[in-house]
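> My questions are about this predicted structure, shown below with the sequence.
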Amino acid sequence: MRFNIKNSTIPLVMLWIPALSFSQPIKSEKIEDTHIVSLLNNVREYRQFKSAGLIAGLFVISNPSGSALIPEGDEVTDNIYIAVSEYDEQPKQSLFCLKNVYAVSKIQLEKAVKNTISISFSYIENKVKKKSTIKVTIDDIVID
């Protein structure tokens, strides 16, 4: 069998036509929603955890300067947002928030089973370092 450039060019062009016809130009948009702008500019840490049935995104968002209420200090607390979603074409989704947590650190996955994700983290409360575990499901979180 002989290689014929004319016979091979037509199939190659036919493969590229669908790719070219569905491409869209990249567009830029300035976001004016000040809440979203502030939220995304204050993300201090993001982690993602997965189980067989859920995916959880954990965002540590810094609060304003002085939010830790330490006299003569500008220390901040964080809000921890946990966005939870099922794996599906139209997934059930939830968002939870742990407010005003001071000195968040050592965020790690403890356990992931089908519909529950357990995440631990350290923080400071009343000058004492503590560790807490949260069990995340699509409907709620439980803090241990």
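Alright, I've got the coordinates.
> mind listing what the residue nearest the centre of the chain touches?
In the chain, the residue lying closest to the centroid (Cα atoms, centre = their mean) is Gly57, at 3.4 Å. Contacts for Gly57 were tallied using Cβ atoms under 8 Å, 6 or more residues apart in numbering; they are Tyr46, Arg47, Gln48, Ile82, Ala83. Heads up, the C-betas are built off the backbone N, CA and C, glycines and all.
> distance of it from Asn41?
Distance, Gly57 to Asn41, by Cβ to Cβ, to the nearest Å: 17 Å.
> Kindly report the same for Ala83.
18 Å.
> So which of the two has more stuff around it?
Ala83 (15 against 9; other Cβ atoms under 10 Å).
> who touches the helix or strand hosting the more buried one?
Using DSSP states H and E, Ala83 sits within strand 77-86. Defining contact as Cβ under 8 Å, 6+ apart, one finds that strand 77-86 is touched by 44, 53-63, 67-68, 91-102, 104, 117, 119, 121, 134, 136-138, 141.
> buried sites along whatever helix or strand comes next after it?
Heading C-terminal from strand 77-86, the first helix or strand you meet, by DSSP H and E, is strand 93-113. By neighbour count with 16 or more other Cβ atoms under 10 Å, strand 93-113 contains the buried residues Ser94, Phe96, Leu98, Val101, Tyr102, Val104, Ile107, Leu109, Ala112.
> now do stretch 115-132
Thr116, Ile117, Ser118, Ile119, Phe121, Tyr123, Ile124.
> picking that back up, out of the buried residues of strand 93-113, the closest to Lys27 would be?
Of all the buried residues of strand 93-113, Ser94 has the smallest distance to Lys27: 30.4 Å, by Cβ to Cβ.
> In a helix, Ser38, correct?
Yes. Looking at Ser38 with DSSP: H, G, I helix; E, B strand; the rest coil, it is inside a helix.
> Which of the contacts of Gly57 are buried? Put it as a ChimeraX command.
Buried subset of the contacts of Gly57, written as a ChimeraX selection, criterion 16+ other Cβ under 10 Å:
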select :82
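> In CSV, list the contacts of Gly57 along with distance to Val37 and pLDDT.
Compiled in CSV, those are given as follows (distance: Cβ to Cβ, whole Å; pLDDT from 0 to 100):
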residue, distance to Val37, pLDDT
Tyr46, 17, 96
Arg47, 22, 96
Gln48, 23, 96
Ile82, 21, 97
Ala83, 18, 97
